[in-house]
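In: no sequence for this one, just the structure:
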């Protein structure tokens, strides 16, 4: 094994040798030689410091391939080898803007993308103590849940989640099952999701049958008086990570007290309010376009803002923390100020009326997309809105 690793490391030292090493890594995976792959990854990391920074891409490309090969292989031994890699250090700049603190999230994505829930439960059973790879396992739980895997009946996972709750881990507030209004998120993660397809069909049939409540025809000459109220700190959670990795997205977040109340306001009434507010992000040649929507239709966009980040992956939180940011933003918009709890939050979202507004990009704005969400809270006396320019302009 040592001679094989040494030979591969020597080949990686030249650009022409990288392609051959990548093919050899694939063959080692097919042969089940996972021990050699783990040793190779350790050797690559050991050479980081002595390798000029402009040449380290060769080491990173081979390390990436080792991780991918171990994740794709169906044997339990390869998954255990991947866990060994997760315990090894890796250069903090291995994925550009993604620092080493995000590595657990990347491993979680690999595991959930290529491994079954049964394999994951077996990995939980083989943890090397209560502190072993805590972040990786926490993120993988949520990655699997978002793909439609219900883990609330798995004793080992429930035990893990209870321990995380005791430690006040931020992800522990999220449930071990997916909410109906999150059904589209499996598709966002590349899963061909039957539950989402059935839910979409049911929603379409509901719309055709006219089951939704009718909009109240607000009298055009009634002047609505608005007053700003305190904005929940987590209302813009879906873009809170942008400042960490680059220029922050431009954002407008407001909570408005309405008088008189507009309990069943049609989109035209919300449009008029937005125009009167004269938000900077909505200025342009095109008119504001506002339409009614529902939480399950908004969720994919809001989730993507957090999970995938802006252009160039700026501020990407990953799926697990993207879900947490999504829940926090929905709670802030809907005025849900209790601790996050699935049933209570779902009930609150259903009581609200939701609107989506988007202004086509103006030429002077460099093609940046501007979109927004407005939530008319129960009773129609309060409106919360979040407007975001997702692709920040260069200075």
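Out: Good, I have the coordinates. On a predicted model such as this, the values are computed, not experimentally measured, just so you know. Numbers count the residues shown, from 1 in each chain.
In: next, the contact list for residue 21, please.
Out: Neighbouring residues of residue 21 by CB atoms under 8 Å, 6 or more residues apart in numbering: 8, 11-12, 62. Where C-beta positions appear, they are placed from N, C-alpha and C, glycine not excepted.
In: for it, helix, strand, or coil?
Out: helix (DSSP: H, G, I helix; E, B strand; the rest coil).
In: got JSON lines for the contacts of residue 21, with neighbour count and distance to residue 309 too?
Out: Putting those into JSON lines (neighbours: other CB atoms under 10 Å; distance: CB to CB, whole Å) gives the following:
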{"residue": "8", "neighbour count": "22", "distance to residue 309": "34"}
{"residue": "11", "neighbour count": "17", "distance to residue 309": "35"}
{"residue": "12", "neighbour count": "24", "distance to residue 309": "30"}
{"residue": "62", "neighbour count": "24", "distance to residue 309": "26"}
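In: nearest to residue 344 among these?
Out: Residue 344 lies nearest to residue 62 out of those, by CB to CB, at 48.4 Å.
In: SS state for the closest one?
Out: Applying three-state DSSP: residue 62 is helix.
In: can I assume it is in contact with residue 20?
Out: No - using CB atoms under 8 Å, residue 62 makes no contact with residue 20, being 10.6 Å away.
In: what segments of the stretch 251-395 of the chain are strands?
Out: 289-293, 353-359, 370-376, 382-389 (DSSP state E, counting those that start in this stretch).
In: also the stretch 101-250 of the chain?
Out: Counting by DSSP E, counting those that start in this stretch, the strands of the stretch 101-250 of the chain are 225-228, 250-259.
In: out of the ones you listed, which one sits most buried?
Out: Greatest average neighbour count among these goes to strand 250-259 (a mean of 17), per mean count of other CB atoms under 10 Å.
In: the inter-axis angle of that one versus strand 382-389?
Out: Orientation check (axes from the mean of the first three to the mean of the last three CA atoms, to 10 degrees): strand 250-259 against strand 382-389 gives 160 degrees.
In: confidence score at residue 152?
Out: Predicted confidence (pLDDT) for residue 152: 97.
In: point to the residue nearest the middle of the chain.
Out: Among the residues of the chain, the one closest to the centroid is residue 307, at 2.3 Å (CA atoms, centre = their mean).
In: isn't that one right up against residue 322?
Out: Yes - the criterion here is CB under 8 Å, and residue 307 meets it with residue 322 at 2.8 Å.
In: show me the domain layout of the protein.
Out: Using automatic domain parsing, the domain parsing of the chain gives 1-94, 225-389.
In: before we move on, back to that, let me have the strands of the stretch 251-395 of the chain in a markdown table, extended by distance to residue 251, mean pLDDT and mean neighbour count.
Out: Converted to a markdown table, these look like this (distance: least, CB to CB, whole Å; pLDDT from 0 to 100; neighbours: other CB atoms under 10 Å):
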| stretch | distance to residue 251 | mean pLDDT | mean neighbour count |
| --- | --- | --- | --- |
| strand 289-293 | 18 | 92 | 16 |
| strand 353-359 | 14 | 89 | 21 |
| strand 370-376 | 10 | 90 | 23 |
| strand 382-389 | 5 | 92 | 23 |
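In: select, out of those strands, the one closest to residue 41.
Out: Nearest of the strands of the stretch 251-395 of the chain (CB to CB): strand 382-389, 38.6 Å.
In: parallel or antiparallel, list what pairs with the closest one.
Out: Strand 382-389 pairs in its sheet with strand 250-259 (antiparallel), strand 370-376 (antiparallel), by DSSP bridges.
In: JSON lines for these, including distance to residue 190?
Out: Shown next, in JSON lines, are the strands paired with strand 382-389 (distance: least, CB to CB, whole Å):
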{"stretch": "strand 250-259", "distance to residue 190": "28"}
{"stretch": "strand 370-376", "distance to residue 190": "23"}
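In: returning to what we had before: which among the strands of the stretch 251-395 of the chain is found nearest to residue 51?
Out: strand 382-389 (39.2 Å).
In: so the closest one versus strand 353-359, what angle?
Out: Using the same axes, to 10 degrees, strand 382-389 lies at 30 degrees relative to strand 353-359.
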